[in-house]
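> Return a 3D structure for these sequence lines:
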Amino acid sequence: MPSIQYRLWRLALRLVRRKHRFSSAQALHEEIRRRRKIGRADPTPRLLVRHEISMELVAGVEVYTVRPRGTGSGRQILYLHGGGYVFDIVSQHWDFIGKLVDALGATVIVPIYPLAPEHTYRDVFAGMLPLYDQIVQRQPPASLTVMGDSAGGGMALALAQIARDSGRALPGRLVLMSPFVDATGSNPGIDALEPLDPMLSKPGGIECGRVYAGGDPVTLPQVSPIYGSLRDLPPVTLFIGTHDVLLPDCRAFRRLAQEQGLPLRYHEYEGMFHVWMLLPMPEADAAFAQIVAAVQADDSAQRHPPGLAPLRAEAETADHAGQG
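A predicted model of the protein is given here:
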């Protein structure tokens, strides 16, 4: 049975007409203008009390580093926040980042990357790559997890592809939460899910991809990483809900991972909507425990030299989640 918290969040999303704000290109741009006036969320007071937080500029990008007070575990997480490439970081992201520091003793690095439509993927990676280089030079790359939700999940996958193609050291693993891996909106399975998703709409997602691409093809792997090669990437853990319009793209990603030999742990939660794991509810706690386990896992055994038979993607469907 779904939890009371799950039911309340789902009702709240519908009452505030969250989905309506992404129902068309015009509605999306109106919401962008509204959010720009509000501005981004800063680290919460609770985060400031519990953890050490610093900020520096790297290639013109504000980068926050959140560390545990006292001795940490040595693990690093590069966290890329969601928001359709057009919206700022929000308080739920900071709360989630604090939970990661508490649970893992990790240092979490949070770039406040430039947003579309004022900027494009070119500007994002112009700032992201110098930051990535700085991180892997300071600590062993194997200790690094690149993690992101929604658009940040797509960005995390694209960053790993760019690192591989440019001969950079690769992170130890990727953790992708409700990732936006295909900005074309072309998967025919999306239409059937739109009535079930209380957060996202197909037209809004397509417009997000269009402005992020900045006039370039939306099928570029930097924008839609599902169109790039998945070979020789680090192990991936992916979380998606069955009431998320991004589900068909994530299932397509799972098939490609099987074909191309990408080590993948795939977690599909029945009845869950977009980025549910960031919200305070029991279903999110279950996913968070698996996220912590993914960061702690020794994935070296999963890595395999090119030319071997593809590994089967490890698929898990959570049958304890709500039906909605």
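> Please make it C-alpha for all contacts and neighbour counts, starting now.
Will do.
> Check the offset of stretch 273-287 from the chain's centre.
14 Å (C-alpha atoms, centre = their mean, to the nearest Å).
> So for it, mean pLDDT?
The pLDDT scores in stretch 273-287 average 93.
> Now the terminal residues of it, how far apart.
13 Å (C-alpha to C-alpha, to the nearest Å).
> And for stretch 255-267?
Span of stretch 255-267 from end to end, C-alpha to C-alpha: 14 Å.
> Show me which positions of it end up buried.
By neighbour count with 16 or more other C-alpha atoms under 10 Å, stretch 255-267 contains the buried residues 256-267.
> How far off centre is it?
17 Å.
> Mean confidence (pLDDT) on that stretch, please.
Here the average pLDDT along stretch 255-267 is 97.
> Also stretch 31-51?
On average, stretch 31-51 scores 93.
> before we move on, what about stretch 108-118?
If you average the pLDDT values across stretch 108-118, you get 98.
> hmm, who's touching that stretch?
By C-alpha atoms under 8 Å, 6 or more residues apart in numbering, the surrounding residues in contact with stretch 108-118 are 61-67, 76-81, 85-89, 97, 100-101, 120, 123-124, 127-128, 208, 211-212, 214.
> Could you check how far R46 is from A106?
Distance, R46 to A106, by C-alpha to C-alpha: 17 Å.
> higher neighbour count, the two?
Of the pair R46 and A106, A106 is the one with more neighbours under other C-alpha atoms under 10 Å, namely 25 against 11.
> any idea how far the nearest residue to that one once chain neighbours are set aside lies from L57?
Leaving out its chain neighbours, the residue that sits closest to A106 by C-alpha to C-alpha, 6 or more residues apart in numbering is R75, at 4.8 Å. To L57, R75 is 22 Å away according to C-alpha to C-alpha.
> And for M177?
27 Å.
> Compare these two (neighbour count), which wins?
Comparing M177 with L57 by other C-alpha under 10 Å, the one with more neighbours is M177, at 28 against 13.
> how about that one, what does it touch?
Contacts of M177 by C-alpha under 8 Å, 6+ apart are 147-150, 153, 238-240, 275, 277.
> Tell me the bridge partners for it.
With DSSP bridges as the criterion, M177 is bridged to D149, F239.
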